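In: My questions concern the predicted model and sequence given below.
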Amino acid sequence: DASSSVEAVRFNVTNGSTALLFTASNLTNVWNASVDLSTLAEDRHTVTILTNDTLGNLNNTESRNFTVDRTTPSVSLISSSFNTSDSTPTVNFNFTDAIFATATCTIYFNNTAYNNSVVNNATAAALSANNTLAQGSYLVNVTCRDGSLNTGVSNLITVIVDATPPTVNFTAPSSGSNHT
């Protein structure tokens with residue numbers, strides 16, 4: 001206001017259980033504080049700006065939420081290697097993440113993405129090829145990307161697509177022959 005000016009600015013960073021207070025520097029009416037994010041726990045945080053003017057008035061109405069997340073989701077295939085006649089095979093998996101309730105998961109056949117879906121954390125899920133696969137052997141894995149864009153990658157399995165029925169040839173008895 002007209003009768004006072006900003007005297008001090010502090011940033012209060014909290015994750016609900018731990019609070020850190022950072023004092024800002026005035027760089028020609030632009031207040032700045034540097035925070036080393038590596039010192040913050042992986043969690044959801046709130047930063048509240050605490051501003052005092054020269055008359056002792058406090059404004060603490062500005063806050064922002066942010067997440068510190070350095071860990072990739074863990075992706076585990078429930079399916080093991082298998083053979084199938086289905087040209088759009090399904091692979092079962094799950095993912096776990098310490099922070100996010102969902103992730104975008106993608107299935108790959110020979111390093112080509114074939115389908116993706118938003119999947120719930122710690123829940124059995126399944127993805128199928130959304131295009132017909134040619135017969136053959138495929139290396140298959142699933143990736144899951146969390147809300148911080150960390151991507152976890154499953155192990156590889158082999159899926160063999162083979163829809164060709166076996167060939168049967170009779171060599172004996174000949175057709176229409178009688179045997180006693």
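Out: Happy to help now that I have it.
In: end to end, how far does stretch 106-124 reach?
Out: 14 Å (Cα to Cα, to the nearest Å).
In: List the buried residues of it.
Out: Neighbour counts over stretch 106-124 (16 or more other Cβ atoms under 10 Å) mark 106-109, 114-116, 119, 121 as buried. C-beta here means a position set from N, CA and C on the backbone, and glycine is covered the same way.
In: Residue 71: which of the residues you listed is nearest?
Out: residue 121 (12.9 Å; Cβ to Cβ).
In: Look at that closest one and report its pLDDT.
Out: Listed pLDDT for residue 121 reads 98.
In: same thing with the one 4 residues further on?
Out: Residue 125 is assigned a predicted lDDT (pLDDT) of 97.
In: Against residue 117, how distant is it?
Out: 7 Å (Cβ to Cβ, to the nearest Å).
In: shared neighbours of the two, anything?
Out: Each of residue 105 lies in contact with both residue 125 and residue 117 under the rule Cβ atoms under 8 Å, 6 or more residues apart in numbering.
In: on that earlier part again, what I need now is the buried residues of stretch 106-124 written out in JSON lines, including distance to residue 51 and secondary structure for each item.
Out: Converted to JSON lines, those look like this (distance: Cβ to Cβ, whole Å; DSSP: H, G, I helix; E, B strand; the rest coil):
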{"residue": "106", "distance to residue 51": "45", "secondary structure": "strand"}
{"residue": "107", "distance to residue 51": "50", "secondary structure": "strand"}
{"residue": "108", "distance to residue 51": "50", "secondary structure": "strand"}
{"residue": "109", "distance to residue 51": "56", "secondary structure": "strand"}
{"residue": "114", "distance to residue 51": "53", "secondary structure": "strand"}
{"residue": "115", "distance to residue 51": "50", "secondary structure": "strand"}
{"residue": "116", "distance to residue 51": "44", "secondary structure": "strand"}
{"residue": "119", "distance to residue 51": "43", "secondary structure": "strand"}
{"residue": "121", "distance to residue 51": "38", "secondary structure": "coil"}
